[in-house]
Each structure stands twice: as structure tokens, then as C-alpha cells.
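**Student:** Mind folding the following:
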Amino acid sequence: MVAHDLRFLQIQVNVDQAKLLPGVKMLDFFSTIEFVSTISTNSDYPEYILSLNYQNDRAIEAFKNSNSFDMTSIIEEKPGCMLVTAKATGPLPMLVHQNPEVWIQTPTILSKTNGLFMTIHGTTKGLKKFRDEVSQILPPNIKIRISKELKADYIAAPQLPNRRKEVMEMAVKLGYYNTPRKCTQRDLAEALGVRQGTVAEHLQSAESMIIQSWADQAK
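**Tutor:** Alright, predicted model coming up:
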């Protein structure tokens, strides 16, 4: 018996790259919108179970009025989070919905920290078709990987702004995060040609983003 050649496609789109996607507007209200499971793909739009994390009740009203989601029921509600069923009408879910050889699966999450991380399972042919179609919607510099196994490390690090990334890379290179440390913030400032206060600010912001990213993924 010949086994099917199924693979995974993982796509990372930071917030700036995803500006043209209607669902990104939800990040004004939600910290994360996470795919949990598929309910149905038999209607015009796919219906999913989604986990929503938010700061205030205005987020729920925004979700109900969204152009990307049509909420059909509330499964569970707690302070700051909600488990719902909703039809997804955005362009990326519809690409999957119209392609019978691919399926959305976990981890798939829209986050204020990392933007969109999406996992698709399917045949090699189906995934290549999805990849070709998604390249017509999103910028050419997005990260896409097709592999036989899920790579959890692919989502471990958030997409840092260029300046913060430069400071973090220099800190790692010079051993700032070694134990014991091999350099100081003053050393980093001299290497980068900036003030020590600037280095401290960028490191603090980058570390905050990385820790928040870890917290989001650990939920």
C-alpha cells in the first residue's frame, strides 16, 4: 500500500507585511486570535473554533462587525478570553477552502506580537498551489516553508523591527547574553555608534517582545 505524500506548509507574515489583509484590523482589539479546530467546510465559507484574547469588551463588538469573521456561537466566555465558532471570510482562509487538497491546522495564530503564523497540511500538489496563490496576495519577502514535519522552532522568535534586531544581533555576537557576560551595554553602544541609553531601550523593547511571544505560544 502506497502512503500519501502529505506535508506541512508554514507561513510567517509580520504585521507590516499583512497590512492589506482585512483580518489584521482585529489586532486593534485582540492580542491573539487562534485557530483551534475546523467545524465544517461544507458551506460557502469554512467554519472554525477560534480562541480570542482581548483587553476590553469593545473587542467582541468589533469581532461581530468584522469583515473577516462571522461569529456563529459562543462556546465559553471568561474575563479577557472567549472560545467561539465563526465563519472565516478572509482571503487566506478562502484560498484553503477552495483548495480540496489542503487544510488549516494548529498552530495557526494571529497575534499583535508576531502577526500571522499559519500552518497548512496537505498534499505536495495542493501546498504548491496554495503557495503560488498566496504569493499573489502577500509581499514576496514573507517566510514560507514546506516540510514533512512541523517545526516548532520556526515560530519561536517574533519579527523584530530592523533597529531592535540589529542591536539584539550585536548583543548576541559580542556575548552580552553569555553567562558570565562578555560585554556591557556601553560596549554595544560603542560598537553600534549610538548612546548607551539607546541600546538599553532597544534591548528592553526586544526582550519584552520575545518574552510576550513565548507567553502567547505557551498558552
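**Student:** Are we agreed that Ala86 is in a helix?
**Tutor:** No. Looking at Ala86 with DSSP: H, G, I helix; E, B strand; the rest coil, it is strand, so not inside a helix.
**Student:** so what's it up against?
**Tutor:** Neighbour list for Ala86: Glu47, Tyr48, Leu50, Phe63, Phe69, Asp70, Met71, Thr72 [criterion: Cβ atoms under 8 Å, 6 or more residues apart in numbering]. C-beta here means a position set from N, CA and C on the backbone, and glycine is covered the same way.
**Student:** Then Met26?
**Tutor:** Residues in contact with Met26 (Cβ under 8 Å, 6+ apart) are Ile33, Ala62, Phe63, Ser66, Ser68, Phe69, Leu110.
**Student:** ok, the fifth one - how many residues close by?
**Tutor:** The tally of other residues near Ser68 (other Cβ atoms under 10 Å) stands at 21.
**Student:** cool, and Pro22?
**Tutor:** For Pro22, using other Cβ under 10 Å, the count is 14.
**Student:** any weak-confidence spans in the chain?
**Tutor:** Along the chain, the parts satisfying pLDDT under 70 run over 1-4, 150-160, 212-219.
**Student:** Now with 50, please.
**Tutor:** 1-2, 153-156 (pLDDT under 50).
**Student:** Between the contacts of Met26, which sits nearest Ile39?
**Tutor:** Comparing the contacts of Met26 against Ile39 with Cβ to Cβ picks out Phe69 as the nearest, at 13.2 Å.
**Student:** in the sheet, who's paired with the closest one?
**Tutor:** Counting by DSSP bridges, Phe69 is bridged to Ala88.
**Student:** surely it meets Thr89?
**Tutor:** Yes. Phe69 is in contact with Thr89 according to Cβ atoms under 8 Å; the separation is 7.0 Å.
**Student:** Just want to know which of those two has more residues nearby.
**Tutor:** Phe69 (25 against 18).
**Student:** Could you measure from the more buried one over to Ala189?
**Tutor:** Distance, Phe69 to Ala189, using Cβ to Cβ, to the nearest Å: 46 Å.
**Student:** swap in Ala171?
**Tutor:** 11 Å.
**Student:** Compare neighbour counts for these two and give me the winner.
**Tutor:** Taking other Cβ under 10 Å, Ala171 and Ala189 do not tie; Ala171 has more neighbours (24 against 18).
**Student:** Pull the distance from stretch 86-103 to the chain's centre.
**Tutor:** 17 Å (Cα atoms, centre = their mean, to the nearest Å).
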